[in-house]
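*Asks:* sharing a model prediction with you, sequence too.
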Amino acid sequence: GAVVSQHPSWVICKSGTSVKIECRSLDFQATTMFWYRQFPKQSLMLMATSNEGSKATYEQGVEKDKFLINHASLTLSTLTVTSAHPEDSSFYICSARDLEGAIDEQFFGPGTRLTVL
Amino acid sequence: GENVEQHPSTLSVQEGDSAVIKCTYSDSASNYFPWYKQELGKRPQLIIDIRSNVGEKKDQRIAVTLNKTAKHFSLHITETQPEDSAVYFCAGPGLTGNQFYFGTGTSLTVIP
């Protein structure tokens, strides 16, 4: 299947700093990527849909100025958590669709565990 | 977002018994229904999916059934093994068809 990578796999930062997470599709082009957040023992919550060359679409309740998404190429989307606070500590997972393959299947990155002190 | 309900939230079965997890959805236009298995600290892994043109799909010990009239689909695991212990999620597409919204998850424990 298609491969999606994320970097970093984990990060610890101080409160008030910004953290950038990268999501890459390694062997296919992804015009659409998705960002999820997962708190312990909870489900994956869709944060936003990242569209190559255009603005991201955010889910209700997700602050677009706090979670900046950039999808500058067909293989890379980035999520920047600005002015991070302890409540932003979570597991962030991206996914991508291979539009030339199965139309519906999404491929997930390995996730990034963010801890804000 | 799309309303996807999943039951039960926890499930314990004896090794060798069957496990069934059910999800209901609200968007009648949905036509793709995946099930994911997630182990602690790892990404979700697609284990089986079904499209709306069939009512059942089976892959060895795992099967998924779809009832479009009732708007629910179920995951069936037979002859459960300890390594089946994990959290299982269903997912449903959003109104635009691009996004996925996950169910609340079912923590399955298979007791040896």
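*Replies:* Sure thing, it's come through. Numbers count the residues shown, from 1 in each chain, chains lettered A, B, ... in the order given.

*Asks:* how about the secondary structure of B:A29?
*Replies:* For B:A29, the assignment made with DSSP: H, G, I helix; E, B strand; the rest coil gives coil.

*Asks:* give me the pLDDT value at it.
*Replies:* pLDDT for B:A29: 73.

*Asks:* relative to chain A, how far out is it?
*Replies:* According to C-beta to the nearest C-beta, to the nearest Å, B:A29 and chain A sit 13 Å apart. All C-beta atoms are positioned from the backbone trio N, CA, C, and that covers glycine.

*Asks:* up against chain B, what does chain A have?
*Replies:* A:32, A:34, A:36, A:42-46, A:49, A:59-60, A:91, A:93, A:95, A:97, A:104-106, A:108-111, A:113 (C-beta under 8 Å from any C-beta of the partner chain).

*Asks:* switch the cut-off to 7 Å
*Replies:* Residues of chain A lying close to chain B (C-beta under 7 Å from any C-beta of the partner chain) are A:32, A:34, A:43-44, A:46, A:49, A:59, A:93, A:104-106, A:108-111.

*Asks:* lowest-scoring secondary structure element of the chain by mean pLDDT?
*Replies:* Picking chain A for this. Ranked by mean pLDDT, DSSP states H and E, the helix or strand of chain A with the weakest confidence is strand A:106-108, at a mean of 89.

*Asks:* not quite, go with chain B.
*Replies:* Least confident helix or strand, chain B: strand B:100-102 with a mean of 88, by mean pLDDT, DSSP H and E.

*Asks:* show me what counts as buried in that strand.
*Replies:* B:100-102 (16 or more other C-beta atoms under 10 Å in any protein chain shown).

*Asks:* if A:V11 is in a bridge, with which residues?
*Replies:* On the basis of DSSP bridges, A:V11 is bridged to A:L114.

*Asks:* ok, it - contacts?
*Replies:* With contact set as C-beta atoms under 7 Å, 6 or more residues apart in numbering or on different chains, A:V11 has these partners: A:19, A:112, A:114.

*Asks:* one step back: list the contacts of the least confident helix or strand of chain A.
*Replies:* Contacts for strand A:106-108 (C-beta under 7 Å, 6+ apart): A:1-2, A:4, A:34, A:93, A:95-98, B:43-44, B:100.

*Asks:* out of the residues of chain A next to chain B, who's nearest A:S15?
*Replies:* Set against A:S15, the nearest of the residues of chain A next to chain B by C-beta to C-beta is A:G111 (21.8 Å).

*Asks:* which residue packs closest to the closest one, ignoring adjacent ones?
*Replies:* In this structure, A:G111 finds its nearest non-sequential neighbour in A:I93, 4.4 Å apart by C-beta to C-beta, 6 or more residues apart in numbering or on different chains.
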